[in-house]
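Enquirer: quick one, structure for this:
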Amino acid sequence: MQWIKVARLDERAVLPNYQTETAAGMDLVAIDMLIIAPGDWQSVRTGLALAIPRGCEGQIRPRSGLAARHGVTVLNAPGTIDEDYRGEVKVLLINHGRDPYTVKPGDRIAQIVICPVVRVRVEAVDTLDPTGRGAGGFGSTGR
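Expert: Here you go, the predicted model:
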């Protein structure tokens, strides 16, 4: 298991934590109260800055309960926190629901999953190796 350094930028900030022993994501918690109107989005502060481990990224993902109960999700899911970013982690929430959604301090608003990143070199070529799928796009492999 790796360690991640987390700085509290606000005294109300809650350190990310896993809700169960085998959970993939750690919950992120809001520090401000705000209302997100239906069809609108807001940047929600966590009051945290992270030092993502070298060779990794932090993926900001929705919480399924918020989506299922309120239609609220992460707008740019998954959002990426690069290993060299040291600013405050904010979560861009959108309300796809029918009613205004109130975010309260202490609410779990998203989760962060720390994932390895493979960096590649880019090589321009005239053609690509053929595959069985070829250029088949959306829905080409079945229903």
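Enquirer: now residue 66, what's its secondary structure?
Expert: helix (DSSP: H, G, I helix; E, B strand; the rest coil).
Enquirer: quick one: contacts for it?
Expert: 72-73, 109 (C-beta atoms under 8 Å, 6 or more residues apart in numbering). Placement of C-beta: from N, CA and C, glycine included.
Enquirer: and it, how far from residue 118?
Expert: 30 Å (C-beta to C-beta, to the nearest Å).
Enquirer: one more: residue 40?
Expert: Distance from residue 40 to residue 118, by C-beta to C-beta: 36 Å.
Enquirer: what does residue 90 give?
Expert: From residue 90 to residue 118 the distance is 26 Å (C-beta to C-beta).
Enquirer: looking at these two, which is more packed in?
Expert: For residue 90 versus residue 118, neighbours defined as other C-beta atoms under 10 Å are more numerous around residue 90 (18 against 5).
Enquirer: helix or strand: which one has the more buried one?
Expert: strand 88-95 (DSSP states H and E).
Enquirer: for the residue most central in space within the chain, what are its contacts?
Expert: When the chain is reduced to its mean C-alpha position, the closest residue under C-alpha atoms, centre = their mean turns out to be residue 60, at 1.1 Å. Residues counted as contacts of residue 60 (C-beta under 8 Å, 6+ apart) are 28, 74, 76-81, 89, 91, 110-112.
Enquirer: let's have the residues you listed in JSON lines, adding distance to residue 48, pLDDT and secondary structure.
Expert: Listed next are these as JSON lines, based on distance: C-beta to C-beta, whole Å; pLDDT from 0 to 100; DSSP: H, G, I helix; E, B strand; the rest coil:
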{"residue": "28", "distance to residue 48": "8", "pLDDT": "98", "secondary structure": "strand"}
{"residue": "74", "distance to residue 48": "16", "pLDDT": "98", "secondary structure": "strand"}
{"residue": "76", "distance to residue 48": "18", "pLDDT": "95", "secondary structure": "coil"}
{"residue": "77", "distance to residue 48": "19", "pLDDT": "94", "secondary structure": "coil"}
{"residue": "78", "distance to residue 48": "17", "pLDDT": "94", "secondary structure": "coil"}
{"residue": "79", "distance to residue 48": "14", "pLDDT": "95", "secondary structure": "strand"}
{"residue": "80", "distance to residue 48": "16", "pLDDT": "97", "secondary structure": "strand"}
{"residue": "81", "distance to residue 48": "10", "pLDDT": "97", "secondary structure": "strand"}
{"residue": "89", "distance to residue 48": "5", "pLDDT": "98", "secondary structure": "strand"}
{"residue": "91", "distance to residue 48": "11", "pLDDT": "98", "secondary structure": "strand"}
{"residue": "110", "distance to residue 48": "12", "pLDDT": "98", "secondary structure": "strand"}
{"residue": "111", "distance to residue 48": "13", "pLDDT": "98", "secondary structure": "strand"}
{"residue": "112", "distance to residue 48": "9", "pLDDT": "98", "secondary structure": "strand"}
